[in-house]
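Trainee: Pasting the sequence and the predicted model now:
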Amino acid sequence: MAALVSSVSFDRAAAFYDQTRALPPHIADQVAQLALRAMPPNARVLEIGVGTGRIARPLLERGTQVVGVDLSRAMMARLRATHPLAPLVQGDAMYLPFADNTFDAVIAVHVLHLVGDWRLALREARRVMRAPGVLLFGHNVNLNAPSRQLRAAFNRARGQASDRWLEVEETLAPTLRAEGAHMTTFETDSWITHTTPRAELEALRQRLWSSTWALSDAELTCIVGELEAWAVQQFGSLDAPLEDVHRFRWWCFAFV
């Protein structure tokens, strides 16, 4: 698949991001604890795509030295409102505005698939990380969830064979292992969310997901209309209760 021309800014999502992507408080705590387990003691940490601080906030509240970088000033303003002293920098993952060997750990959650050239971002992460250090990449694990099935159908309808994240995921571990990284994974407990096909389709109509942003209004309306028929056939009704089971997984790549 060809690389995106540029990375994706989430300025337009700042107002609703925390409502649509929030982790349950006990899961957010586990995410922070597992990340700290993988890092060197007293690590200086860079989070690429810090956004509203969904991942950074629990780390900051534990006294971790976290520097955040993001394309979106609007997203970071949300984090600044609760953590006014947090060091935040506007910048692109492909061209990190930091000197070589600055951080002990670099973390990125749900980011690489939004970067224009994720391999360049990976090289930048390695450049700013001193050795020994660790790269941590996080994402939700819910591939068989009903809502994931609906979003996969959406991708097919818009002519995309698979999620870009899955394409990145298939290549990420082999790439870093070949560069000498030792890989471990950590997962949180599971949690459950409930939704309906109607609610998921409405989220698409409202463009709550970045995969909708490049579509025209006419294209989006047409695709959502097709998906309504698909969802009725798949789930029996647009109001069928859907239960998604999630876990959060850290992929940790340690370099010595």
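Mentor: Alright, I've got the coordinates.

Trainee: Make sure R12 is actually in contact with W209.
Mentor: No. Between R12 and W209 there is no contact under CB atoms under 8 Å: 11.3 Å. Backbone N, C-alpha and C define where each C-beta goes, glycine included.

Trainee: what's near enough to touch the residue nearest the centre of the chain?
Mentor: Centroid-nearest residue in the chain: H110, 1.3 Å away (criterion: CA atoms, centre = their mean). H110 makes contact with 21, 49, 138-140, 165, according to CB atoms under 8 Å, 6 or more residues apart in numbering.

Trainee: Including distance to D92, could those go into TSV?
Mentor: Converted to TSV, the contacts of H110 look like this (distance: CB to CB, whole Å):
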residue	distance to D92
R21	21
G49	10
G138	20
H139	20
N140	24
W165	19
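
Trainee: In helices, which of these appear?
Mentor: 21, 165 (DSSP state H).

Trainee: where in the stretch 1-150 of the chain is pLDDT low?
Mentor: For the stretch 1-150 of the chain, the stretches with pLDDT under 70 are 1-5, 143.

Trainee: Recalculate using a threshold of 50.
Mentor: Where the stretch 1-150 of the chain drops to pLDDT under 50, the residues are 1-4.

Trainee: can you give me the strands for it?
Mentor: 44-48, 65-70, 88-90, 103-109, 129-141 (DSSP state E, counting those that start in this stretch).

Trainee: Tell me which strands the last one pairs with, and in which orientation.
Mentor: According to DSSP bridges, the neighbouring strands of strand 129-141, each with its direction, are strand 103-109 (parallel), strand 242-255 (antiparallel).

Trainee: what's the most buried one of these?
Mentor: strand 103-109 (a mean of 25; mean count of other CB atoms under 10 Å).
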